[in-house]
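**Student:** structure here, sequence nowhere to be found:
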(Lines give C-alpha, C1' and ligand atoms only; values in the text may rest on other atoms or scores of the structure.)
Protein backbone atom coordinates (compact mmCIF):
# COMPACT_ATOMS: atom_id res chain seq x y z
CA UNK A 1 0.00 0.00 0.00
CA UNK A 2 1.27 3.43 -0.87
CA UNK A 3 2.21 5.27 2.31
CA UNK A 4 1.36 8.59 0.61
CA UNK A 5 -2.30 7.62 0.31
CA UNK A 6 -4.71 5.85 -2.01
CA UNK A 7 -8.02 6.62 -3.73
CA UNK A 8 -10.42 4.26 -5.45
CA UNK A 9 -13.83 4.97 -6.99
CA UNK A 10 -16.14 2.38 -8.52
CA UNK A 11 -19.74 2.12 -9.64
CA UNK A 12 -21.21 -1.14 -8.38
CA UNK A 13 -24.66 -2.66 -7.99
CA UNK A 14 -25.78 -4.50 -4.84
CA UNK A 15 -29.22 -6.08 -4.56
CA UNK A 16 -30.40 -4.26 -7.72
CA UNK A 17 -29.39 -0.87 -6.28
CA UNK A 18 -26.59 1.05 -8.06
CA UNK A 19 -24.02 2.68 -5.79
CA UNK A 20 -20.93 4.80 -6.21
CA UNK A 21 -18.27 3.52 -3.84
CA UNK A 22 -15.32 5.72 -2.89
CA UNK A 23 -12.35 4.57 -0.85
CA UNK A 24 -9.47 6.74 0.28
CA UNK A 25 -6.91 6.89 3.05
CA UNK A 26 -3.31 6.36 4.01
CA UNK A 27 -1.35 4.09 6.34
CA UNK A 28 -3.37 5.24 9.39
CA UNK A 29 -6.95 5.95 8.23
CA UNK A 30 -9.50 4.40 5.87
CA UNK A 31 -12.38 6.52 4.53
CA UNK A 32 -15.41 4.79 2.99
CA UNK A 33 -18.25 6.50 1.16
CA UNK A 34 -21.26 4.82 -0.43
CA UNK A 35 -23.80 6.81 -2.42
CA UNK A 36 -27.11 5.61 -3.79
CA UNK A 37 -27.18 6.66 -7.45
CA UNK A 38 -30.97 6.68 -7.65
CA UNK A 39 -31.94 8.84 -4.66
CA UNK A 40 -28.65 10.58 -3.84
CA UNK A 41 -28.42 9.31 -0.25
CA UNK A 42 -24.90 8.90 1.05
CA UNK A 43 -23.31 6.92 3.86
CA UNK A 44 -19.74 7.44 4.91
CA UNK A 45 -17.29 6.97 7.78
CA UNK A 46 -13.61 7.11 8.67
CA UNK A 47 -11.89 4.21 10.38
CA UNK A 48 -8.61 4.31 12.22
CA UNK A 49 -6.15 1.53 11.55
CA UNK A 50 -6.47 0.25 15.12
CA UNK A 51 -10.28 0.06 14.82
CA UNK A 52 -10.02 -1.98 11.61
CA UNK A 53 -7.61 -4.41 13.22
CA UNK A 54 -9.94 -4.80 16.23
CA UNK A 55 -12.84 -5.65 13.92
CA UNK A 56 -10.79 -8.34 12.20
CA UNK A 57 -9.72 -9.78 15.56
CA UNK A 58 -13.36 -10.18 16.65
CA UNK A 59 -14.01 -12.40 13.64
CA UNK A 60 -11.24 -14.77 14.68
CA UNK A 61 -9.30 -14.07 11.49
CA UNK A 62 -7.14 -11.07 12.34
CA UNK A 63 -5.62 -8.93 9.60
CA UNK A 64 -3.18 -6.08 9.69
CA UNK A 65 -4.52 -2.74 8.48
CA UNK A 66 -2.46 -2.67 5.28
CA UNK A 67 -3.49 -6.24 4.45
CA UNK A 68 -7.15 -5.39 5.05
CA UNK A 69 -6.92 -2.35 2.76
CA UNK A 70 -5.29 -4.39 0.00
CA UNK A 71 -8.04 -6.99 0.31
CA UNK A 72 -10.70 -4.26 0.14
CA UNK A 73 -9.18 -2.62 -2.95
CA UNK A 74 -8.86 -5.97 -4.64
CA UNK A 75 -12.51 -6.73 -3.91
CA UNK A 76 -13.64 -3.39 -5.35
CA UNK A 77 -11.60 -4.00 -8.50
CA UNK A 78 -12.96 -7.58 -8.62
CA UNK A 79 -9.46 -8.93 -9.08
CA UNK A 80 -9.88 -12.09 -7.04
CA UNK A 81 -12.61 -14.63 -6.29
CA UNK A 82 -11.39 -15.00 -2.70
CA UNK A 83 -12.51 -11.49 -1.65
CA UNK A 84 -15.69 -9.61 -2.49
CA UNK A 85 -17.85 -6.86 -1.03
CA UNK A 86 -21.52 -6.18 -0.40
CA UNK A 87 -23.64 -3.31 0.91
CA UNK A 88 -26.29 -4.33 3.42
CA UNK A 89 -28.91 -2.68 5.59
CA UNK A 90 -29.03 -3.34 9.34
CA UNK A 91 -31.74 -5.94 8.78
CA UNK A 92 -29.71 -7.64 6.06
CA UNK A 93 -26.73 -7.78 8.40
CA UNK A 94 -28.83 -9.31 11.18
CA UNK A 95 -30.07 -12.03 8.81
CA UNK A 96 -26.50 -12.70 7.75
CA UNK A 97 -25.40 -13.11 11.37
CA UNK A 98 -28.26 -15.48 12.16
CA UNK A 99 -27.46 -17.54 9.11
CA UNK A 100 -23.80 -17.76 10.12
CA UNK A 101 -24.60 -18.57 13.78
CA UNK A 102 -28.15 -19.87 14.28
CA UNK A 103 -27.46 -20.80 17.92
CA UNK A 104 -25.95 -17.44 18.83
CA UNK A 105 -27.54 -14.99 21.29
CA UNK A 106 -30.15 -12.57 19.93
CA UNK A 107 -28.82 -9.19 18.92
CA UNK A 108 -30.24 -5.80 19.74
CA UNK A 109 -33.10 -4.37 17.73
CA UNK A 110 -32.22 -2.80 14.42
CA UNK A 111 -35.10 -0.33 14.51
CA UNK A 112 -32.88 2.60 15.39
CA UNK A 113 -30.29 1.62 12.80
CA UNK A 114 -32.55 1.53 9.73
CA UNK A 115 -30.69 4.43 8.13
CA UNK A 116 -27.32 2.74 8.43
CA UNK A 117 -25.55 0.80 5.71
CA UNK A 118 -22.81 -1.75 6.16
CA UNK A 119 -19.99 -2.38 3.78
CA UNK A 120 -19.21 -6.08 4.12
CA UNK A 121 -15.83 -7.39 3.04
CA UNK A 122 -15.92 -11.17 2.71
CA UNK A 123 -12.80 -13.29 2.67
CA UNK A 124 -13.36 -16.79 1.37
CA UNK A 125 -10.65 -19.37 2.05
CA UNK A 126 -10.62 -23.02 1.08
CA UNK A 127 -12.47 -24.22 4.21
CA UNK A 128 -13.64 -20.97 5.75
CA UNK A 129 -15.50 -17.74 5.04
CA UNK A 130 -15.12 -14.56 7.09
CA UNK A 131 -17.21 -11.36 6.96
CA UNK A 132 -15.74 -8.03 8.00
CA UNK A 133 -18.54 -5.43 8.49
CA UNK A 134 -17.87 -1.69 8.35
CA UNK A 135 -20.77 0.44 9.72
CA UNK A 136 -21.63 3.52 7.65
CA UNK A 137 -24.00 6.12 9.19
CA UNK A 138 -26.23 8.18 6.94
CA UNK A 139 -24.68 11.47 5.90
CA UNK A 140 -27.33 14.12 6.52
CA UNK A 141 -27.42 16.47 3.56
CA UNK A 142 -29.77 19.18 2.45
CA UNK A 143 -32.16 18.57 -0.42
CA UNK A 144 -30.10 20.91 -2.58
CA UNK A 145 -26.94 18.88 -1.97
CA UNK A 146 -28.77 15.68 -2.80
CA UNK A 147 -30.07 17.18 -6.06
CA UNK A 148 -26.59 18.33 -6.97
CA UNK A 149 -25.27 14.84 -6.35
CA UNK A 150 -28.02 13.38 -8.52
CA UNK A 151 -27.17 15.79 -11.33
CA UNK A 152 -23.51 14.85 -11.05
CA UNK A 153 -24.37 11.17 -11.19
CA UNK A 154 -26.61 11.69 -14.22
CA UNK A 155 -23.87 13.58 -16.01
CA UNK A 156 -21.45 10.80 -15.23
CA UNK A 157 -23.90 8.22 -16.52
CA UNK A 158 -24.42 10.24 -19.70
CA UNK A 159 -20.67 10.57 -20.25
CA UNK A 160 -20.21 6.84 -19.66
CA UNK A 161 -23.03 6.04 -22.09
CA UNK A 162 -21.53 8.30 -24.76
CA UNK A 163 -18.14 6.70 -24.30
CA UNK A 164 -19.68 3.23 -24.52
CA UNK A 165 -21.49 4.14 -27.74
CA UNK A 166 -18.28 5.63 -29.13
CA UNK A 167 -16.34 2.48 -28.25
CA UNK A 168 -18.97 0.37 -29.99
CA UNK A 169 -19.06 2.58 -33.08
CA UNK A 170 -15.30 2.83 -33.61
CA UNK A 171 -14.79 -0.83 -34.65
CA UNK A 172 -17.85 -0.63 -36.92
CA UNK A 173 -16.62 2.58 -38.53
CA UNK A 174 -13.17 1.10 -38.98
CA UNK A 175 -14.66 -2.02 -40.53
CA UNK A 176 -16.83 0.07 -42.86
CA UNK A 177 -13.82 2.17 -43.88
CA UNK A 178 -11.78 -0.94 -44.63
CA UNK A 179 -14.70 -2.39 -46.59
CA UNK A 180 -14.96 0.79 -48.66
CA UNK A 181 -11.22 0.70 -49.29
CA UNK A 182 -11.49 -2.90 -50.45
CA UNK A 183 -14.43 -2.02 -52.69
CA UNK A 184 -12.52 0.95 -54.14
CA UNK A 185 -9.52 -1.27 -54.79
CA UNK A 186 -11.71 -3.90 -56.44
CA UNK A 187 -13.38 -1.25 -58.60
CA UNK A 188 -10.02 0.14 -59.70
CA UNK A 189 -8.82 -3.37 -60.54
CA UNK A 190 -11.94 -4.04 -62.59
CA UNK A 191 -11.54 -0.75 -64.44
CA UNK A 192 -7.92 -1.59 -65.27
CA UNK A 193 -8.90 -5.04 -66.42
CA UNK A 194 -11.64 -3.53 -68.59
CA UNK A 195 -9.13 -1.09 -70.11
CA UNK A 196 -6.67 -3.91 -70.78
CA UNK A 197 -9.37 -6.04 -72.38
CA UNK A 198 -10.47 -3.11 -74.58
CA UNK A 199 -6.90 -2.54 -75.74
CA UNK A 200 -6.45 -6.24 -76.43
CA UNK A 201 -9.70 -6.28 -78.40
CA UNK A 202 -8.60 -3.32 -80.55
CA UNK A 203 -5.27 -5.04 -81.22
CA UNK A 204 -7.04 -8.25 -82.19
CA UNK A 205 -9.27 -6.35 -84.59
CA UNK A 206 -6.29 -4.64 -86.25
CA UNK A 207 -4.54 -7.97 -86.61
CA UNK A 208 -7.70 -9.48 -88.12
CA UNK A 209 -7.99 -6.60 -90.61
CA UNK A 210 -4.35 -7.02 -91.62
CA UNK A 211 -4.88 -10.73 -92.08
CA UNK A 212 -7.94 -10.12 -94.27
CA UNK A 213 -6.01 -7.62 -96.38
CA UNK A 214 -3.18 -10.09 -96.89
CA UNK A 215 -5.66 -12.79 -97.84
CA UNK A 216 -7.33 -10.46 -100.34
CA UNK A 217 -3.97 -9.55 -101.88
CA UNK A 218 -2.99 -13.19 -102.17
CA UNK A 219 -6.34 -14.02 -103.70
CA UNK A 220 -6.05 -11.27 -106.32
CA UNK A 221 -2.53 -12.39 -107.33
CA UNK A 222 -3.65 -15.96 -107.80
CA UNK A 223 -6.52 -14.89 -110.08
CA UNK A 224 -4.20 -12.93 -112.46
CA UNK A 225 -1.88 -15.93 -112.85
CA UNK A 226 -4.85 -18.08 -113.76
CA UNK A 227 -5.98 -15.66 -116.50
CA UNK A 228 -2.50 -15.56 -118.08
CA UNK A 229 -2.35 -19.36 -118.10
CA UNK A 230 -5.68 -19.65 -119.90
CA UNK A 231 -4.58 -17.20 -122.58
CA UNK A 232 -1.42 -19.17 -123.32
CA UNK A 233 -3.32 -22.40 -123.64
CA UNK A 234 -5.89 -20.89 -126.06
CA UNK A 235 -3.18 -19.44 -128.51
CA UNK A 236 -1.04 -22.32 -129.97
CA UNK A 237 0.98 -19.99 -132.17
CA UNK A 238 2.04 -17.99 -129.27
CA UNK A 239 2.99 -21.18 -127.56
CA UNK A 240 5.07 -22.40 -130.60
CA UNK A 241 6.80 -19.08 -130.97
CA UNK A 242 7.71 -19.21 -127.40
CA UNK A 243 9.22 -22.64 -127.87
CA UNK A 244 11.27 -21.60 -130.91
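**Tutor:** Arrived safely, thanks for sending. The model shown is predicted, which means the values in this text are computed figures rather than measured ones.
**Student:** C-alpha only now, for contacts and for neighbours.
**Tutor:** Will do.
**Student:** which helices and strands does the helix or strand containing residue 197 pack with?
**Tutor:** Here residue 197 sits within helix 143-234, counting by DSSP states H and E. Packed against helix 143-234 by the contact rule (3 or more CA pairs under 8 Å, 6 or more residues apart in numbering; DSSP states H and E) you find helix 236-243.
**Student:** what about the helix it packs on, average pLDDT?
**Tutor:** Taken as a whole, helix 236-243 carries a mean pLDDT of 49.
**Student:** what do you get for stretch 167-185?
**Tutor:** Stretch 167-185 shows a mean pLDDT of 79.
**Student:** what bits of this protein have low per-residue confidence?
**Tutor:** Within the chain, the stretches with pLDDT under 70 are 1-4, 100-113, 141-147, 149-150, 153, 220-244.
**Student:** and residue 82, how many neighbours?
**Tutor:** 15 (other CA atoms under 10 Å).
**Student:** can I assume it is in contact with residue 124?
**Tutor:** Yes. Counting by CA atoms under 8 Å, residue 82 does reach residue 124; the two are 4.9 Å apart.
**Student:** what are the buried residues along stretch 15-29?
**Tutor:** Across stretch 15-29, burial judged by 16 or more other CA atoms under 10 Å covers 19-27, 29.
**Student:** those residues into a markdown table, with extra columns for distance to residue 98?
**Tutor:** Formatted as a markdown table, those follow (distance: CA to CA, whole Å):
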| residue | distance to residue 98 |
| --- | --- |
| 19 | 26 |
| 20 | 28 |
| 21 | 27 |
| 22 | 29 |
| 23 | 29 |
| 24 | 31 |
| 25 | 32 |
| 26 | 34 |
| 27 | 34 |
| 29 | 30 |
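**Student:** state the pair within these that is farthest apart.
**Tutor:** Greatest spatial distance in those: 19 and 27, 25.8 Å, computed using CA to CA.
**Student:** before we move on, the earlier item: how far does the helix holding residue 197 sit from its chain's centre?
**Tutor:** 35 Å (CA atoms, centre = their mean, to the nearest Å).
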